[in-house]
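1. when you get a sec, could you give me coordinates for this:
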Amino acid sequence: MFGRIFIYKFKALIRSHWLIGWNFLFPLVLATAFSLGFGNLIDDDPISFHTMDVGYVAEEDSTFLTVLETLSKSTDEREAVINLHTYNSEKNAKQALADKEIDGYYLLDSEDIHTTVSENGIVSTTLLQIVKDYKNFQTTIKNIAIDHPENLESAVELMGSDLEIIKQHSFGHSNSPYLQYFYALLTMTSLFGSWISTFTLQGMCANMSERGKRFECAPGHKFKAIAAGALAGILIQSASNAVLVIYIVTVLKIDLGLNLGLILLITTLGSALGITAGTFMGALLKKPVLLVAVPMTYAMLCSFFSGLMVASIKQYVQYYVPFLNKINPGAVMSDSLYIASNYGLTREFYQDITIMIVIIIIHIILSGVILRRRNYASI
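-> Prediction:
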């Protein structure tokens, strides 16, 4: 009986035009719109790190030049911070800056280290920070030489072992923040599965349709039938998510920062989240007109607070009402994708996965209790 109902429900769902339109085609259209809007920003994220071309003007070598040469070398821990260009006069450095061959240059004279850049931004901040740290280094060494000359050699060795001064710290993959919109899109698509369940239950409840009346009078086991319909819905919604992920990665050429297997696993769990939420709604609602309006409102509200329309909304919620992010299925799912892509499979990632599983179990238990207690005066 389970297998037969599963096949019947699966066929009924894939033949539904609204399902193909909303759950398969609409997410592809929205992903394309996101790609057109954020594609270049993702490929060339303005806040991501880029090696800077820096000029150096001085009549003779100095300790500061040694620092710059160190920063121009790449290591296993980081890429080169700067590409160093040396000039014999400030005139040549100014010309190189005007021709955009360099992002800025240092001029070393007897009084100070002068920094010149074409515009304010991350380049100017970084170059000034290099000078600031170098001067702090010099001051520290001078103070030790005066106050504790016996410790000077060990201090120089200790501080000289880290002359790089500025490192590019990488916690995970450091993906573009604009990927958050695509994570929220995957969340929305998963939650769209909620109206698959309400559609399935419409044919299983006597107060929803004529088919529901026949089903309620049938001697079959209701829970098995509902479980078969839910499994068919999860399979179809998982396929919808897989199509969307493959489209984003292969057609739009956007790297989501996760291997395909892991992201499909998370979206499949999200599909189960949407389907069980829809089952709970279908069991709770009694008017057929609400079976579309309520799941759509639910999916869009959860997606909104997960950052689909405004990426920073989740941060505001976390600051003012952090508990809401823990009970919002959309925020939890998008957060699991973000954490896995940027930081790896950390404790917070497994915490999000656990919350999703707990919400699924709660939906199943509540749906079973409501449907089991449902009775009718007459059918």
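
2. which residues in the stretch 251-379 of the chain form helices?
-> Remark: helices assigned in the stretch 251-379 of the chain by DSSP state H, counting those that start in this stretch are 260-284, 290-304, 313-320, 322-327, 329-342, 347-373.

3. now for the last one, which elements pack on it?
-> Okay, so that is helix 347-373. In terms of contacts (3 or more CB pairs under 8 Å, 6 or more residues apart in numbering; DSSP states H and E), helix 347-373 is packed against helix 222-246, helix 260-284, helix 329-342. For every residue, glycine as well, the C-beta is placed using N, CA and C.

4. returning to that earlier point: out of the helices of the stretch 251-379 of the chain, flag the one nearest residue 105.
-> The minimum distance between residue 105 and the helices of the stretch 251-379 of the chain falls on helix 329-342, with 34.2 Å, by CB to CB.

5. chain center to the closest one: distance?
-> Averaging C-alpha positions (CA atoms, centre = their mean, to the nearest Å) puts helix 329-342 6 Å from its chain's average.

6. could you give the angle of it to helix 260-284?
-> 170 degrees (axes from the mean of the first three to the mean of the last three CA atoms, to 10 degrees).

7. leaving aside the residues adjacent along the chain, what's closest to residue 364?
-> residue 276 (5.6 Å; CB to CB, 6 or more residues apart in numbering).

8. oops, could you answer that again for residue 252 instead?
-> Nearest one to residue 252, counting by CB to CB, 6+ apart, is residue 35 at 4.5 Å.

9. isn't residue 336 right next to residue 266, touching?
-> Yes. Counting by CB atoms under 8 Å, residue 336 touches residue 266, with 5.8 Å between them.

10. contact partners for residue 72?
-> By CB atoms under 8 Å, 6 or more residues apart in numbering, residue 72 lies in contact with 80, 81, 82, 83, 84.

11. let's go with 6 Å and repeat that
-> Residues near residue 72 by CB atoms under 6 Å, 6 or more residues apart in numbering: 80, 82, 84.

12. roughly how far apart are it and residue 80?
-> Using CB to CB, to the nearest Å, one gets 5 Å for the distance from residue 72 to residue 80.

13. re the thing from before, return the set of buried residues in the helix or strand the residue nearest to residue 252 falls within.
-> In this assignment (DSSP states H and E), residue 35 forms part of helix 26-43. Buried residues in helix 26-43, counted by 16 or more other CB atoms under 10 Å: 26, 27, 28, 30, 31, 34, 35, 38, 42.

14. these into TSV, with extra columns for distance to residue 234 and pLDDT?
-> TSV is the format used below for the buried residues of helix 26-43 (distance: CB to CB, whole Å; pLDDT from 0 to 100):
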residue	distance to residue 234	pLDDT
26	19	91
27	17	91
28	20	92
30	22	91
31	21	90
34	25	87
35	27	85
38	30	73
42	30	66
